[in-house]
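Asks: based on what follows, work out the 3D shape:
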Amino acid sequence: LFWQATQMPKARYTVFCHLVDGQGRLVAQFDGEPVGGTAPTTGWQANATVIDRRPGELPPDLAAGTYTLRVGLYPWPDLTRLAVQNTALPVVDNAVAVTAVEVAR
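Replies: The predicted structure is shown next:
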């Protein structure tokens, strides 16, 4: 993921990456602070790009098919997702649908 704040964030946020099936059901999730906790949002500078590689494992019994990866931010422990603004990508429940993921078996 590539993050860019328009101004320095005032709070520490957690990144969520949710993999959902065609009915929008959560099948896997990878939540955590940016860059494995080494780049908290309170240290982000305005207009600087933060590259955030998100490792994650899929459930071993996950069926073959097409899934959607949804991404967003929330403060811990509140869990209220930040509002998404100014994106050309689809948004569902303040999560940006960044890409389709094809699982083959």
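
Asks: every contact and neighbour count from this point should use C-alpha atoms.
Replies: Noted.

Asks: ok, the biggest strand by length in the chain: who's next to it in the sheet?
Replies: Ranked by residue count, the top strand of the chain under DSSP state E comes out as strand 65-75. For strand 65-75, sheet partners with direction are given as strand 13-20 (antiparallel), strand 95-103 (antiparallel), following DSSP bridges.

Asks: what's next to that strand, contact-wise?
Replies: Contacts of strand 65-75 with the rest of the structure, by CA atoms under 8 Å, 6 or more residues apart in numbering, involve 11-22, 80-82, 84, 94-104.

Asks: give me the buried subset of the residues you listed.
Replies: Among the contacts of strand 65-75, those buried by neighbour count (16 or more other CA atoms under 10 Å) are 12-21, 81, 94-98.

Asks: so for stretch 83-92, what gets flagged as buried?
Replies: Of the residues in stretch 83-92, those buried by neighbour count under the rule 16+ other CA under 10 Å are Val91.

Asks: start and end of that stretch, how far apart?
Replies: Separation of the first and last residues of stretch 83-92 by CA to CA, to the nearest Å is 11 Å.

Asks: just the mean pLDDT for that stretch, thanks.
Replies: In this model, stretch 83-92 has a mean pLDDT of 90.

Asks: farthest-separated two in the buried ones among the contacts of strand 65-75?
Replies: Arg12 and Asp21 (29.2 Å; CA to CA).

Asks: re earlier: any idea how far the longest strand of the chain is from the middle of the chain?
Replies: Relative to the mean C-alpha coordinate of its chain, strand 65-75 is positioned 5 Å out (CA atoms, centre = their mean, to the nearest Å).

Asks: give me the distance from whichever helix or strand comes after that strand to the chain's centre.
Replies: Using DSSP states H and E, the helix or strand that follows strand 65-75 towards the C-terminus is strand 91-92. Centroid displacement of strand 91-92 relative to its chain, using CA atoms, centre = their mean, is 12 Å.

Asks: run through who's touching strand 91-92.
Replies: Strand 91-92 is contacted from outside by 84, 97, using CA under 8 Å, 6+ apart.

Asks: try 10 Å this time
Replies: Taking contacts as CA atoms under 10 Å, 6 or more residues apart in numbering, the residues outside strand 91-92 that touch it are 24, 70-72, 83-85, 97-98.
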